[in-house]
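Peer 1: all I have is the shape, not the residue letters:
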Ligand SMILES: [Zn+2]
């Protein structure tokens, strides 16, 4: 046993040293990279971001549908074949025309659509004209905080989540609406003395209250500046607020866009890329939509210019309501879903990292680092989600996409990091369908889900970096030859060697080492399915050779 480990370590030391030197991409990937690198148009991506930023997009509402149409029109003009599909929305679409809170006496406006854009909570109902109501502060908003306070007919201010405040104040005690200051600690600390940016006084995270036709209430999210004004006034005397809400609900279907560049060899096999339209942010996820749009157009242009052959497998691009459109596409096209080889989710891909913080991240397809926390693979502030060891199924996806991103990084100085699987966006739906999927994103964004996630926080250059990397990866995975596959097998071998050496160094248990070996044996096996013209004896031989050499199957 000991001798065996020493032997393994020896092999690994050699392969790890090799891994330090940047390796050229497989020829097919390099060809795709060169063909798309100057064709992904950051300004075209930015135009989509600016267009979508004008709307609070919610499935079924006019801004969401305008975004669908804008993306379709652009694809149409660029000659990318596309169609819109639809399904029944889970809830009602919603938007608002006015959401203003002011002091009743002075008329000073505290919150408004004009200055705060997304302060009114989703599902807020219109007030019967401008209403006047007392303001009651419940602090943290625990049930005990309501003791001795009469909130019936009042507007309730608190730091609990809007839905929680709404439950306690509106549903249980008859308030007419709530104002919540709940905010994630990575957006701003609760103590202003710890603020590192002046905008932390004005930032807030948008939210929602439950849809309730009986309560017909409203919710607002407020910045610390607005809440402090209200609390200061309350210290002196009782306060009355004026509230004016005009909102609209919509019952239309949820629409999504599907564009395709058909495969010429195995059109029934697919590489799928998804970005979500809903939410109000420029980065989240106007930038994912813009990036996906620009990369689809770039591939189409490269192919039209004969700089790149059409893909061997079909490239499918989807823009829709996060998770739901993915689920809908997977279930309403079972035959196509069966043929999906790999999937990329694009969320918050355009962050100007100098303003938002965080970095570009590849959230890897769930690998052993998603099951066992590893010092080398920290989670983000988003947090881990439970992944069971039995769920893991190794593939080439993580290492191939990382290599392509690093190729881009070497040329542009782009910072590329990875995080273990955490889940929550469209890749989760494809993962559930058993498809190797990853997420390209950025975190921690200190404007995540806030009023300040606007186009000035979006970087066209960052969208170009992500767009070039995803276009290259997708075309390559759709079109690889057997020679490409052999290059990928050798790359996976280096990655496997590097990982096993790293795990030895960071004291991994036998169980963890075994999990990585299993992962990489499966990843190598997936290389056998990579050549678009079908299995190749040369690839099979190389995979078998490496698997034996690295002792991945024991
Ligand atoms: Zn998002």
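Peer 2: Alright, I've got the coordinates. Because the structure is predicted, anything quoted here is derived from the model rather than measured. Numbers count the residues shown, from 1 in each chain.
Peer 1: residues near residue 248, how many?
Peer 2: Residues lying near residue 248 (other C-beta atoms under 10 Å) number 13. Every residue, glycine included, has its C-beta placed from N, CA and C.
Peer 1: beta-bridge partners for it, please?
Peer 2: Under the criterion DSSP bridges, residue 248 forms beta bridges with residue 95.
Peer 1: name the nearest residue to residue 280, ignoring sequence neighbours.
Peer 2: Spatial nearest neighbour of residue 280, chain neighbours left out: residue 56 (4.2 Å); criterion: C-beta to C-beta, 6 or more residues apart in numbering.
Peer 1: the one you found touches residue 116, doesn't it?
Peer 2: No. With contact defined as C-beta atoms under 8 Å, residue 56 does not reach residue 116; the gap is 11.7 Å.
Peer 1: before we move on, back to that, identify the residues contacting the residue nearest to residue 280.
Peer 2: The contact partners of residue 56, by C-beta atoms under 8 Å, 6 or more residues apart in numbering, come to 63, 95, 96, 117, 118, 280.
Peer 1: pLDDT wise, what is it at?
Peer 2: Residue 56 carries a pLDDT value of 98.
Peer 1: give me the subset of the contacts of residue 56 touching the ion.
Peer 2: Near the ion, judged by C-beta under 5 Å from the ion, there are no entries from these.
Peer 1: point me to the residue of the stretch 401-550 of the chain nearest the ion.
Peer 2: Proximity of the stretch 401-550 of the chain to the ion (C-beta to the ion) peaks at residue 425, 6.0 Å away.
Peer 1: neighbours of that residue, how many?
Peer 2: Using other C-beta under 10 Å, residue 425 has 24 neighbouring residues.
Peer 1: first-to-last residue distance for stretch 358-370?
Peer 2: 20 Å (C-alpha to C-alpha, to the nearest Å).
Peer 1: any residues of this protein in contact with the ion? List them.
Peer 2: Listed as neighbours of the ion in the chain under the rule C-beta under 5 Å from the ion: 284, 285, 347.
Peer 1: which of the residues you listed sits closest to residue 355?
Peer 2: Nearest to residue 355 out of these is residue 284 (C-beta to C-beta; 14.1 Å).
Peer 1: thinking again about what came up before, ok, of the residues of the chain next to the ion, which come out buried?
Peer 2: Taking 16 or more other C-beta atoms under 10 Å as the criterion, what is buried in the residues of the chain next to the ion is 284, 285, 347.
Peer 1: take those residues and write them to TSV, including pLDDT.
Peer 2: Below are these laid out as TSV (pLDDT from 0 to 100):
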residue	pLDDT
284	98
285	98
347	98
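Peer 1: pick the one among the residues you listed closest to residue 450.
Peer 2: Residue 450 has its nearest neighbour among these in residue 284, at 9.4 Å by C-beta to C-beta.
Peer 1: max-length helix in the protein?
Peer 2: For the chain, the longest helix by residue count, based on DSSP state H, is helix 482-505.
Peer 1: which helices and strands does that one pack with?
Peer 2: Contacting helix 482-505 under the criterion 3 or more C-beta pairs under 8 Å, 6 or more residues apart in numbering; DSSP states H and E are the following elements: helix 2-20, helix 27-36, helix 397-412, helix 510-527, helix 537-549.
Peer 1: can you redo these as TSV with mean pLDDT?
Peer 2: Shown next, in TSV, are the helices and strands packed on helix 482-505 (pLDDT from 0 to 100):
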stretch	mean pLDDT
helix 2-20	41
helix 27-36	98
helix 397-412	98
helix 510-527	98
helix 537-549	97
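Peer 1: adding mean neighbour count, write the ones you listed out as CSV.
Peer 2: Formatted as CSV, the helices and strands packed on helix 482-505 follow (neighbours: other C-beta atoms under 10 Å):
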stretch, mean neighbour count
helix 2-20, 14
helix 27-36, 21
helix 397-412, 21
helix 510-527, 20
helix 537-549, 16
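Peer 1: indicate which one of the ones you listed is closest to residue 371.
Peer 2: Smallest distance to residue 371 across those (C-beta to C-beta): 7.0 Å, for helix 510-527.
Peer 1: what stretches of the stretch 201-350 of the chain score poorly on pLDDT?
Peer 2: Applying pLDDT under 70 to the stretch 201-350 of the chain flags no residue at all.
Peer 1: what are the ranges of the helices in the stretch 201-350 of the chain?
Peer 2: All helices of the stretch 201-350 of the chain, identified by DSSP state H, counting those that start in this stretch, fall at 224-236, 286-304, 324-332, 334-338.
Peer 1: residues of stretch 225-244 that come out buried?
Peer 2: Buried residues in stretch 225-244 (16+ other C-beta under 10 Å): 226, 227, 229, 230, 231, 233, 239, 241, 242, 243, 244.
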